[in-house]
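> What shape does this take:
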Amino acid sequence: MEVRGVDPRDVGWEVDQPRYRVYFWWGTADPAGSPPGQSCDEYELTGPDVAAASVLAWAAEQAGERRADWFEVFVVVDHVPGDRGLVRLTPSR
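Predicted coordinates:
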């Protein structure tokens, strides 16, 4: 991990109520693509008090209860209308 100081004036916008996506995965990860036996459940978490820490905790708890092989957490970003993207919060598998 690399850490450096920043100038807070370099930010042009922020999102007050972010949306998060959580993906729960079962099966073996294949770098060349998804094998036929791999499956995923996807959820979106929203709300005025939803924070990254609570989403990560919920995802970890749910992954254990669902016996998922792994999970991924992202922030949903609508850069411009019709251009939705995801910012990864958890390491890729």
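> residue ranges with poor pLDDT in this protein?
29-36 (pLDDT under 70).
> Does the strand ranked longest in the chain pack against any helices or strands, and if so which?
If you go by DSSP state E, the chain has its longest strand at strand 70-80. In terms of contacts (3 or more Cβ pairs under 8 Å, 6 or more residues apart in numbering; DSSP states H and E), strand 70-80 is packed against strand 19-26, helix 52-66, strand 83-88. For glycine as for every other residue, the C-beta is placed from the backbone atoms N, C-alpha and C.
> Run me through the strand neighbours of the shortest one, direction for each.
So that's strand 83-88. Taking DSSP bridges as the criterion, strand 83-88 forms sheet pairs with strand 70-80 (antiparallel).
> buried ones in the partner strand?
By 16 or more other Cβ atoms under 10 Å, the buried positions in strand 70-80 come out as Phe71, Glu72, Val73, Phe74, Val75, Val76.
> My guess is the second one contacts Trp25. True?
Yes. Counting by Cβ atoms under 8 Å, Glu72 sits close enough to Trp25 to count as a contact (7.3 Å).
> Comparing the helices and strands packed on strand 70-80, which comes out most buried?
strand 19-26 (a mean of 19; mean count of other Cβ atoms under 10 Å).
> Now do whichever helix or strand comes after that one: which elements does it pack against?
Moving toward the C-terminus from strand 19-26, the first helix or strand encountered (DSSP states H and E) is strand 39-45. Contact partners of strand 39-45 among helices and strands, from 3+ Cβ pairs under 8 Å, 6+ apart: strand 19-26, helix 52-66.
> If you compare the directions of strand 39-45 and strand 70-80, what angle comes out?
50 degrees (axes from the mean of the first three to the mean of the last three Cα atoms, to 10 degrees).
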